[in-house]
Each structure stands twice: as structure tokens, then as C-alpha cells.
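Novice: Test case, fold it:
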Amino acid sequence: MTITTHDPEGAPPSPFYSQAAAVTGADRLVFVSGQVGVGADGVPGDGIAAQARLAIANLGAALAAAGLTTEHVVKSTIYLTDVAHLEPFMAAAAGGLPTHRPAITLLVVAGLASPDLLVEIQAVAAA
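Specialist: A predicted model of the protein is given here:
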């Protein structure tokens, strides 16, 4: 499988995402439900950085259960409950994001399933 990213001329550059991600040679797609910043104990992380790390760890665990890693992610959607969380989220998430810059949509929403949740990440992976 090969993931090729595309950024048209004039598009805003980003070190974290591409404008489009194309997959060739994939046998399957895996759709990962929204992963939130909650530990195995059911307790949300304290603050956006902790929840970002937990959400990415949960995403990684869901992918691993399907035999994949974050390097297989071709599209993700990130939901934040406050635009002020963007920079701390990116700083905390940087080490857990794919290196090939998948296509990403980031939304700021009024709330998630619980008022204690600050971030949710869903993904599509190809293998």
C-alpha cells in the first residue's frame, strides 16, 4: 500500500496535514470510531494536553486491534470543544500523528458526549 499526499499550488502549507491523501494498493479500509481523552479507568484526562495524549493512545489501540498503526491513517477528523485548545492539542499530539500528513478536518464544536470531554478523534485507515 502507498499513501501519496497532494497539496495544490496556492494551498496553505501545513506540517501536520495535506489537502488530499490518495491510497493505492490497499486491500482494506478501517473506520475508527471517535476516540476521546479517557483512560482505561473511565476517567477523562486533566486538561487538553492529557486528553489529547489519551485520545491518540486510544486511537493507536483501536488501530492496533485491527493490525494497523497511525501510519495507516489516511483521513482523520478532530473535534475540539474550544478553539483555544488548538495549540496545546497540536503540541501534545505531535509525537503521535502520522509522519505522512494525512487529510484532516478539524472542527470546534459546542460539546461532545460528556461535558468533561475536550477532544475526540476519528480516523479512516488503509492497509
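Novice: going forward, measure contacts between C-alpha atoms and count neighbours the same way
Specialist: Will do.
Novice: what's the burial count for the spatially closest residue to V119 that is not a sequence neighbour?
Specialist: Among residues not flanking V119 along the chain, L80 sits closest, at 4.7 Å (Cα to Cα, 6 or more residues apart in numbering). Using other Cα atoms under 10 Å, L80 has 23 neighbouring residues.
Novice: Over to L29?
Specialist: Counted by other Cα under 10 Å, the residues lying close to L29 total 13.
Novice: give the contact list for it.
Specialist: 124-127 (Cα atoms under 8 Å, 6 or more residues apart in numbering).
Novice: partners of the least confident helix or strand in the chain by mean pLDDT in the sheet?
Specialist: Ranking every helix and strand in the chain by mean pLDDT, DSSP states H and E puts strand 20-24 at the bottom, with a mean of 87. Paired strands of strand 20-24, with direction, are strand 2-6 (antiparallel) (DSSP bridges).
Novice: and the partner strand, average pLDDT?
Specialist: Per-residue pLDDT values over strand 2-6 give a mean of 90.
Novice: What ranges does the protein have for its helices?
Specialist: Ranges of helices in the chain, per DSSP state H, are 48-65, 86-93.
Novice: For the first one, which outside residues touch it?
Specialist: Taking contacts as Cα under 8 Å, 6+ apart, the residues outside helix 48-65 that touch it are 32, 35-39, 44-45, 69-70, 85, 88-89, 91-93, 96-97, 117-122.
Novice: Out of the residues you listed, which sit inside strands?
Specialist: Of those, the ones assigned to strands by DSSP state E are 32, 35-36, 119-122.
Novice: Compare those residues and tell me which has the most neighbours.
Specialist: Those, ranked by neighbours (other Cα under 10 Å): first place V119, 30 neighbours.
Novice: related to what we said a few turns ago, could you identify the most distant pair in the ones in strands among the contacts of helix 48-65?
Specialist: The span of these, defined through Cα to Cα, is set by V32 and V119 at 15.0 Å.
Novice: Right, I'll leave it there.
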